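**Student:** build me a model from this:
(one chain, ligands or ions: 2)
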Amino acid sequence: MTEPICVQKAPYAVELEAGDHYWCACGRSKNQPFCDGSHTGTSIEPVKFTLTQKEIKYLCGCKTTKHAPFCDGSHSKL
Ligand code: FES
Ligand code: FES
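**Tutor:** Ligands and ions are numbered 1, 2, ... in the order given. I've put the predicted structure just below:
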């Protein structure tokens, strides 16, 4: 089991278009907070989520959220 890497102890506020998005769960992507395929070789998979309209979302940057892909405040305990 590979551990995720904490990228930052704060969420990413991102304005996203409607449609499918893939949040990086492993912390290895160079295109945070989105998956760029760098999880290959780990046991971690990206988390797909779908928006029905353009929205601002707060995506977890610490990779310890229990409510992926969204920040749930867990970064405050790191
Ligand atoms: Fe992190 Fe794909 S690069 S989940
Ligand atoms: Fe990960 Fe807030 S940034 S829980």
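**Student:** who in the protein is up against ligand 1?
**Tutor:** Applying Cβ under 6 Å from any ligand atom, we find that the chain lies next to ligand 1 at Cys24, Ala25, Cys26, Arg28, Ser29, Cys35, Asp36, Gly37, Ser38, His39, Ile44, Pro46. Heads up, the C-betas are built off the backbone N, CA and C, glycines and all.
**Student:** now do the same for the first one: its pLDDT.
**Tutor:** Cys24 is assigned a pLDDT of 98 by the prediction.
**Student:** so what's the nearest residue to His39 once chain neighbours are set aside up against?
**Tutor:** Among residues not flanking His39 along the chain, Cys26 sits closest, at 4.1 Å (Cβ to Cβ, 6 or more residues apart in numbering). Going by Cβ atoms under 8 Å, 6 or more residues apart in numbering, Cys26 touches Thr2, Pro4, Ile5, Ser38, His39, Thr42, Ile44, Pro46, Lys63.
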